[in-house]
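Asker: Predicted model and sequence follow; I will ask about them next.
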Amino acid sequence: MNSLQTVVVVGAGVAGVRAIQSMRSSGFNGHLTLVGGEAGLPYDRPPLSKDFLLDESVAADITLLSSEDLDTLGVEYLSGVRVERLDPAERVLHADGGLRLPFDGAVLCPGASPRRLSCPGTELAGVRYLRTLDDAVAIRSLLSAGRRMIVVGGGFIGVEAAVLAAGLGLDVTVVDIQEMPFQVLLGRQAADLLLRHLRKAGVKFVGGRVVASFEGLDKLTTVTLNDGSRIDADLALVGIGAAPDVAWLAGTAVLSSDGIEADEFCRTAIDGVYAAGDACRWLNLAYGSPMRVEHWTNAIDQATAAAANLTCELAGEAHSRTPYRAVPYFWSSQGAMLVQFVGVRPAGCEGEMERSLQDENRWAITYRDQRGSLVGALAVNWPARAVRARKDIRSRVLTAD
Amino acid sequence: MIRIVVDRTRCFGYGNCVAALSEVFDLNDEDGVVLVDEEAAQTVAERQLDAAVRSCPTNALRINRT
C-alpha cells in the first residue's frame, strides 16, 4: 500500500464515519479526509426523532466521533463544507469556497434530504422538516411551546415524533396519504394493528388525505386538507420520505434514476469511487437485484464493506474484494413500543400473525414466499422473535450465490 | 482475556450484535436483552468482535482487554 495515497469520504453521517473507521481498520495508511456539509462533529440521526426531542442531555450522547477520535484515526475532518462537483477525469472533488480535493479513492455517503411539500404556506414559522440536528433543536423548542401538532406523513420518523408529542400532552394528528400508516410497506393486517397502537398512544389519525395548504399570518395556525377539512395547529412536522442528495453528481457516470449506482462491491462506474448509505443503490446479491436501503444498519454495514473493498482496490488487490450482501433491517421506537422489521415483504403478502403467550403487547407477523420460506418479519415489543427471524433469513439468503 | 461489558440499561434488543456475530451474542427470550458467550468471545477474530460491538446503535457494548 502506498502511504501517499489520498482517500476522501464525502458525508459525515454514520455511513461516512464508519467508512473512515473501516479504511483504517482494513489497513489504509494514506491520507484520509472526511467532508461533512454541516458544522460541528459527526452525529447520529436515529435519536433525533426520539429521546433527543425530549431531553437536551441526549445531545452530547449522539456525537459519533470526538476530536480526539478523529486525531487517533488520523483523519482530516472538514466540517461545514459542501462538496459541489465530482470531476472523474481529473479525479478531483470540488467543494464550496473553491476548495479542490484530489483523490486516489473516494467513498460517497451523501445521504438523503427530506422530500419537500409544494403546497402553499410551507414557508410559515411552525412548518418543519426533520433531518438534521438543527431541525431537531428547532422542533424541540416548538414542542415545548406548542399545543396542537399536525404530522404530515405516517412514516416512521413522523409517527415516532407524534407519539412522543402526544406523551408531552400535545394534541397530535397524523395525516397520511395512505388509509392506514405503513400499509404499503407492511400490508393491511400489520397497518391495522399499528394504527390501533397509535390511537392508544393518544394520536389521532386521518388517512387517505393530503395537505392542501398551511395557513397563518406569519406563524402556522391552521392546516387545510384536500377534502376541505381544517385542523388547527401551531406546529406541523412534515415527514413524507427522503430523496438521495445527489444533485451535485449530475452529469457523472455514477448516477442512476434512484441515487448512486454501484455494483456488488459498492463500487460506482468510476475506478476507486465507492458509495454507501441512503443514497447508494447497489447490486445486492442476497436478492440478485439492485436495492437502495435508507436505514441505519445498512449504512454502517455497507460503509464498512465499501471502505474495505476500496482499501483492496488501492492496494492492487481488487480480486480479494467481498460482495456486500445484506438483509434489510430497521427498528422504530414509538414511545414505549419497539417495532422491528427484517427482510422483505412479498407484494400482496399479508403475512401470518403470531402472538406471545406471555405478553399481549408482543406480537409478530411473518411473511413467506411462494415456497413457504420465511423472507420477512415484523416484530412488536418482541426483540427475541425479531432476532430469530433475522438469523433464519440471513442464514438462507446471505450464504447462497 | 477479553471481557464484553454490557450496559443493560442501554440494550433494547436491536439485535445488530447477534446479526454480526451470532457465535458470541444472542438475545434473552424473556426481556430481549443481549446475552454474551464469554468463552466464544475469546476465540473469534478481534476485528469481527470490534465490528459487532460497533454495530450497536446505542453503544451498550464495550470490550475490555486485559
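Answerer: Done, it's in. Numbering: from 1, shown residues only, chains lettered A, B, ... in the order given.
Asker: Was I right to think A:T224 contacts A:S213?
Answerer: Yes. Using Cβ atoms under 8 Å, A:T224 is in contact with A:S213, at 5.0 Å. (Each C-beta comes from the backbone N, C-alpha and C, glycine too.)
Asker: ok, and the closest non-adjacent residue to A:G16?
Answerer: A:C109 (4.3 Å; Cβ to Cβ, 6 or more residues apart in numbering or on different chains).
Asker: okay, now that neighbour: neighbour count?
Answerer: Neighbour count for A:C109, taken as other Cβ atoms under 10 Å in any protein chain shown: 34.
Asker: could you list every residue that touches residue 58?
Answerer: This is for chain A. Applying Cβ atoms under 8 Å, 6 or more residues apart in numbering or on different chains to A:V58 gives the contacts A:47, A:51-52.
Asker: Chain B, not that one
Answerer: Shown in contact with B:T58 (Cβ under 8 Å, 6+ apart): B:10-12, B:14.
Asker: same check, this time on A:W363
Answerer: With contacts defined as Cβ under 8 Å, 6+ apart, A:W363 is in contact with A:193, A:353-356, A:379-382.
Asker: Could I get the average pLDDT for stretch A:312-330?
Answerer: Averaged over stretch A:312-330, pLDDT sits at 97.
Asker: Can you narrow the contacts of B:T58 down to the ones near chain A?
Answerer: Restricting those to those within reach of chain A (Cβ under 8 Å from any Cβ of the partner chain) leaves B:12, B:14.
Asker: now, which of the contacts of B:T58 sits nearest chain A?
Answerer: B:Y14 (5.5 Å; Cβ to the nearest Cβ).
Asker: Assign the closest one to one of the three secondary structure states.
Answerer: When classified by DSSP: H, G, I helix; E, B strand; the rest coil, B:Y14 comes out as coil.
Asker: ok, it touching B:P57?
Answerer: Yes. Counting by Cβ under 8 Å, B:Y14 touches B:P57, with 5.3 Å between them.
Asker: what's the overlap in contacts for the two?
Answerer: In contact with both B:Y14 and B:P57: A:W331, using Cβ under 8 Å, 6+ apart.
Asker: Point to the helix or strand of chain A where mean pLDDT is at its lowest.
Answerer: When each helix and strand of chain A is scored by mean pLDDT, DSSP states H and E, helix A:58-61 comes last, with a mean of 71.
Asker: Give me the number of neighbouring residues for residue 6.
Answerer: Using chain A here. Other residues lying near A:T6 total 18 when counted by other Cβ under 10 Å.
Asker: that answer is for a different chain, and I need it for chain B
Answerer: So B:V6, with other Cβ under 10 Å, has 18 neighbours.
Asker: tell me the contacts of it?
Answerer: B:33-34, B:36, B:60-61.
Asker: The same query, at a cut-off of 7 Å, please.
Answerer: Listed by Cβ atoms under 7 Å, 6 or more residues apart in numbering or on different chains, the contact partners of B:V6 are B:34, B:36, B:60-61.
Asker: And the pLDDT at residue 40?
Answerer: Going with chain A. 96.
Asker: Chain B is the one I meant
Answerer: Looking at B:A40, the pLDDT reads 96.
Asker: What of A:E360?
Answerer: What the model reports as pLDDT for A:E360 is 85.
Asker: Now do the contacts for residue 44.
Answerer: Unless you meant another one, I'm taking chain A. Per Cβ under 7 Å, 6+ apart, neighbours of A:D44: A:14, A:62, A:64.
Asker: Wait, chain B was what I had in mind.
Answerer: B:21, B:23-24.
Asker: All the helices of chain A, residue numbers only.
Answerer: Using DSSP state H, the helices found in chain A span residues A:14-25, A:58-61, A:67-73, A:133-145, A:156-167, A:183-186, A:188-200, A:296-314, A:383-397.
Asker: can you count the residues close to A:E90?
Answerer: Residue neighbour count, defined by other Cβ under 10 Å, stands at 11 for A:E90.
Asker: And it, how close does it get to chain B?
Answerer: Distance, A:E90 to chain B, using Cβ to the nearest Cβ, to the nearest Å: 35 Å.
Asker: Quick check: A:D227 vs B:V36, distance?
Answerer: According to Cβ to Cβ, to the nearest Å, A:D227 stands 54 Å off from B:V36.
Asker: which one of the two has more residues nearby?
Answerer: B:V36 (16 against 10).
Asker: in terms of contact, does the more buried one touch B:I4 like I think?
Answerer: Yes. Between B:V36 and B:I4 there is a contact at 4.7 Å, judged by Cβ atoms under 7 Å.
Asker: in chain B, what residue is nearest chain A?
Answerer: Counting by Cβ to the nearest Cβ, chain B gets nearest chain A through B:G13, at 2.6 Å.
Asker: Contact partners for that residue?
Answerer: Contacts of B:G13 by Cβ under 7 Å, 6+ apart are A:383, B:27, B:32-33.
Asker: Tell me the one of those residues nearest A:I177?
Answerer: Nearest to A:I177 among those: A:P383, at 30.7 Å, using Cβ to Cβ.
Asker: so what pLDDT did the closest one get?
Answerer: A:P383 carries a pLDDT value of 97.
Asker: ok, now the one 4 residues further on?
Answerer: Taken from the predicted model, the pLDDT recorded for A:V387 is 98.
Asker: Name the single longest helix found in chain B.
Answerer: helix B:46-54.
Asker: What is it packed up against?
Answerer: helix B:16-20, strand B:61-65 (3 or more Cβ pairs under 7 Å, 6 or more residues apart in numbering or on different chains; DSSP states H and E).
Asker: Now with 6 Å, please.
Answerer: helix B:16-20 (3 or more Cβ pairs under 6 Å, 6 or more residues apart in numbering or on different chains; DSSP states H and E).
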